[in-house]
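> Sharing a model prediction with you, sequence too.
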Amino acid sequence: MKIIHLKVFKIKASLFKPYGWIIDYPQRRKAQKTKNLFRIVLRQPREGWRIAYLVVRDRVIDKIESHPDSCESFEPIKGKGLLFVSQKKDASAIKCFLLDKPVILKKGIWHAVLTITKEFDVKIVENSKVRCVYYRLKEKLC
């Protein structure tokens, strides 16, 4: 199986917008500097949720997955890794991001994660019942 190396992009709100959003506090600099700041990033009415801990050891990907009914967060904890995302199950449409900020993927976004260090630890939050759809790629990506 052929291995294809993709260009790695830094996560920026405008570039990541088709796939989801960054978990952060916009307007932080304009907010009052002496009080705690609180912001709801995502609200999922009537959906239970779960928190997972993923230890990534894969160095190449040969499949992508999608959760048609659930948003999903990827929050880096330890190590360094890459997040591959696409709006459709097409290898030529996949973009690769350095996962150095916590992000939320929109429902139905195709994705995969790999490590560029020995291991990459990621916190994941998603609906408590997640339907997974997989698509096997014709080439391996890294």
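That came through fine. Numbers count the residues shown, from 1 in each chain.
> Let me know the secondary structure of R43.
coil (DSSP: H, G, I helix; E, B strand; the rest coil).
> meant to ask about E126, not that
Classified using three-state DSSP, E126 is strand.
> what pairs with it across the strands?
On the basis of DSSP bridges, E126 is bridged to R50, E72.
> which stretches of this structure aren't confidently modelled?
For the chain, residues meeting the criterion pLDDT under 70 lie at 31.
> which ones are touching R28?
Applying C-beta atoms under 8 Å, 6 or more residues apart in numbering to R28 gives the contacts L37. For the C-beta atoms, the positions are set from N, CA and C on the backbone; glycine is no exception.
> how about K2, what does it touch?
Contacts of K2 (C-beta under 8 Å, 6+ apart): 139-140.
> What distance do you get for it to D69?
33 Å (C-beta to C-beta, to the nearest Å).
> got it, and L141?
25 Å.
> Could you check which of the two is surrounded by more residues?
Between L141 and D69, L141 has the larger neighbour count (other C-beta atoms under 10 Å), namely 21 against 13.
> okay, now the closest residue in space to that one that isn't next to it in sequence: neighbour count?
Nearest non-adjacent residue to L141, counting by C-beta to C-beta, 6 or more residues apart in numbering: I61, 5.0 Å away. For I61, the count of nearby residues is 21 (other C-beta under 10 Å).
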